[in-house]
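S.K.: Give me the fold of what follows.
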Amino acid sequence: MNKIILTGSEGLIGEKVAKFFLKKNFKVIKFDSKLGHNLNNEKEVSVLFKKNKDTNYLINLHGFNDHVKKKKTKSLNLKHDFLNYHLNNVFSVYLTNLNFIRHCKSAKGIINFGSLYSIMSPKHNLYTEPKNIFYVTSKFSVIGLTKYFASMYGKKICVNCIVNGGIEADQPRKFKKSLSFHIPKKRMMRVEDLYGMLELLTSQKSDYINGASIVMDGGYSAW
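M.R.: I've put the predicted structure just below:
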C-alpha cells in the first residue's frame with residue numbers, strides 16, 4: 001500500500017483529494033494548520049517526516065491565498081504581506097520537500113501545487129481589487145523551487161508542480177462568469193478535474209516526468 005503525506009488536507013482541494021486517495025487504497029497522512037501543524041517550523045516539520053519515513057509520495061496543497069470575496073480588506077503593511085505569503089507559500093514548501101527527501105527512504109515523488117499566477121500575471125480587470133503582488137511572486141517561486149529539487153534529486157524521485165486554474169467555490173457569480181469567459185472550457189475548475197493527473201503522478205507511469213510544470217487550466221493560458 002502506497003503512503004501519501006498530504007499537506008493542506010483540510011482545505012478546499014485537500015479534503016476531496018484525501019477522500020479520492022483513500023478510495024484508491026492509499027494510506028493518507030494529513031498535515032494542516034487546522035490540525036495544529038505549523039509547516040513553517042523547521043523542527044516540527046522534521047519530526048513529522050521522521051515519524052512517517054515510510055512515505056512514498058508528498059502532495060503539497062497548503063498555502064495562503066488572496067481569495068476572491070465580496071468585500072476584501074486591503075492590507076497597509078507591505079512587509080507583513082511579503083513575509084506572510086512567502087513563508088506560507090515558499091518556505092514551508094521548501095521545508096516539506098527537503099524533509100521528505102531527507103527522511104523518507106521509500107520516496108517516489110513530490111507534487112507541489114502552484115497556480116495560474118505561477119506562470120502569468122492576473123488579468124487585473126477581473127478583480128474589484130488587484131490580487132496581492134506577493135501572492136503572485138510566491139507562486140512563481142514554487143515553480144523555481146520544484147525545478148531546483150527536480151534537478152538535484154531527480155535520479156531518486158520525481159518532483160513536479162501542478163499549475164491549476166481557479167477552483168470553483170463560493171466566489172461571487174459575476175466573478176465566475178467573467179473568469180469563465182476567458183476559459184475555452186467555459187467553466188472554472190472542479191477539484192475532480194485534478195484526480196486523473198494526481199493518479200498518474202502517483203504511479204510508475206509517470207516515472208520519466210520530472211521537473212515539469214503541468215498546466216491544468218481549461219485553456220485559460222492558451223490565449
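S.K.: quick one: the helices in the protein?
M.R.: If you assign secondary structure with DSSP state H, the helices in the chain sit at 14-23, 42-51, 78-86, 92-103, 133-153, 173-181, 195-201.
S.K.: Of all the ones you listed, which one comes closest to Pro122?
M.R.: The closest of those to Pro122 is helix 133-153. By CB to CB, the value is 6.9 Å. For every residue, glycine as well, the C-beta is placed using N, CA and C.
S.K.: Turn the helices of the chain into a markdown table, including mean pLDDT and mean neighbour count.
M.R.: Formatted as a markdown table, the helices of the chain follow (pLDDT from 0 to 100; neighbours: other CB atoms under 10 Å):
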| stretch | mean pLDDT | mean neighbour count |
| --- | --- | --- |
| helix 14-23 | 98 | 17 |
| helix 42-51 | 98 | 16 |
| helix 78-86 | 95 | 15 |
| helix 92-103 | 98 | 21 |
| helix 133-153 | 98 | 19 |
| helix 173-181 | 96 | 14 |
| helix 195-201 | 98 | 15 |
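S.K.: separation between the residue positioned nearest the centre of the chain and Leu198?
M.R.: The centroid of the chain falls nearest to Phe113 when counting by CA atoms, centre = their mean (2.4 Å). For Phe113, the distance to Leu198 (CB to CB, to the nearest Å) stands at 10 Å.
S.K.: go on, Phe91?
M.R.: For Phe91 relative to Leu198 (CB to CB), the value is 24 Å.
S.K.: re earlier: can the helices of the chain go into JSON lines with extra columns for distance to Cys161?
M.R.: As requested, the helices of the chain are exported to JSON lines (distance: least, CB to CB, whole Å):
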{"stretch": "helix 14-23", "distance to Cys161": "15"}
{"stretch": "helix 42-51", "distance to Cys161": "19"}
{"stretch": "helix 78-86", "distance to Cys161": "17"}
{"stretch": "helix 92-103", "distance to Cys161": "10"}
{"stretch": "helix 133-153", "distance to Cys161": "4"}
{"stretch": "helix 173-181", "distance to Cys161": "22"}
{"stretch": "helix 195-201", "distance to Cys161": "10"}
